[in-house]
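*Asks:* Below are the sequence and a predicted model for it; my questions follow.
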Amino acid sequence: MRIGHGFDVHRFGPGDHLMIGGLRIAFEQGFVAHSDGDVLLHAVCDALLGACALGDIGRHFPDTDPAWAGADSQDLLRRVYTLVKEAGFALVNLDATLMAQQPRMAPHIPSMIETLTALLQVEEGCVNVKATTTEKLGFVGRGEGVAAEAVVLLARHDRGQVSE
Ligand SMILES: Nc1ccn([C@@H]2O[C@H](COP(=O)(O)O)[C@@H](O)[C@H]2O)c(=O)n1
Ligand SMILES: C[C@@]1(CO)OP(=O)(O)OP(=O)(O)OC[C@H]1O
């Protein structure tokens with residue numbers, strides 16, 4: 001078994017939507033980022049890479065490389081999960097938390113869970129996403145951006161069987 005943790009932050013900037021959990025959410029600002037800025041998917045990538053001792057997202061997709069400019073983070077996560085499987089592991093479960101004063105995430109969370117469940121090829125009930133404000137405290141509370149944390153558990157994957 002392997003455990004991994006990921007954390008990411010993106011600040012708000014000019015724009016009219018946010019990409020979070022693979023979902024396009026209409027908003028009065030956008031994210032400042034090299035890719036599409038999907039803070040949740042980036043935290044999940046880092047948790048998966050961490051569990052396999054494979055470094056972090058910036059090592060695999062440098063923000064100095066034009067190849068990743070405007071990248072769809074679902075594509076980055078697919079690439080990361082391929083590395084996980086090549087390392088001999090598969091996801092057991094994922095738990096993630098979005099920290100945002102706004103927008104309200106609750107209506108979007110079922111779609112985010114559905115997207116992550118499909119991308120990570122797990123059965124229903126293995127992915128959880130939740131949200132919290134920070135009670136108007138700190139950079140999240142001042143409405144400067146969104147943070148995300150993710151924790152994953154991986155198991156060895158042998159010939160289609162998942163085991164410890
Ligand atoms: N951006 C957010 C933040 C929170 N929620 C939901 O509101 C509930 C209460 O949040 P607290 O900050 O008071 O813990 C929480 O259970 C979230 O489901 C949200 O939808 N969007
Ligand atoms: C995703 C990458 C892609 O270049 O860029 P950003 O969108 O800026 O996101 P970050 O969370 O800073 O991770 C670094 C990069 O891998």
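*Replies:* Everything's here; your move. Ligands and ions are numbered 1, 2, ... in the order given.

*Asks:* show me what contacts residue 97?
*Replies:* Counting by Cβ atoms under 8 Å, 6 or more residues apart in numbering, residue 97 touches 129, 130, 131, 132, 148, 149, 150. Backbone N, C-alpha and C define where each C-beta goes, glycine included.

*Asks:* Show me where the chain has its helices.
*Replies:* 39-51, 57-60, 73-86, 109-119, 138-141 (DSSP state H).

*Asks:* who does whichever strand in the chain runs longest touch, helix- and strand-wise?
*Replies:* The single longest strand within the chain, with elements called by DSSP state E, is strand 145-158. When contacts are defined as 3 or more Cβ pairs under 8 Å, 6 or more residues apart in numbering; DSSP states H and E, strand 145-158 sits against strand 2-13, helix 39-51, strand 89-99, helix 138-141, strand 161-163.

*Asks:* so where's this protein uncertain?
*Replies:* 159-164 (pLDDT under 70).

*Asks:* Show me what from this structure comes close to ligand 1.
*Replies:* 100, 104, 105, 106, 131, 132, 133 (Cβ under 6 Å from any ligand atom).

*Asks:* can you put these in TSV and add neighbour count and distance to residue 57?
*Replies:* Listed next are the residues of the chain next to ligand 1 as TSV, based on neighbours: other Cβ atoms under 10 Å; distance: Cβ to Cβ, whole Å:
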residue	neighbour count	distance to residue 57
100	21	20
104	11	27
105	22	21
106	9	27
131	20	21
132	13	23
133	15	26
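
*Asks:* ok, now which ones touch the residue nearest to the spatial centre of the chain?
*Replies:* Central residue of the chain (Cα atoms, centre = their mean): residue 41, 2.0 Å from the mean position. Contact partners of residue 41, counting by Cβ under 8 Å, 6+ apart, are 21, 22, 73, 74, 76, 77.
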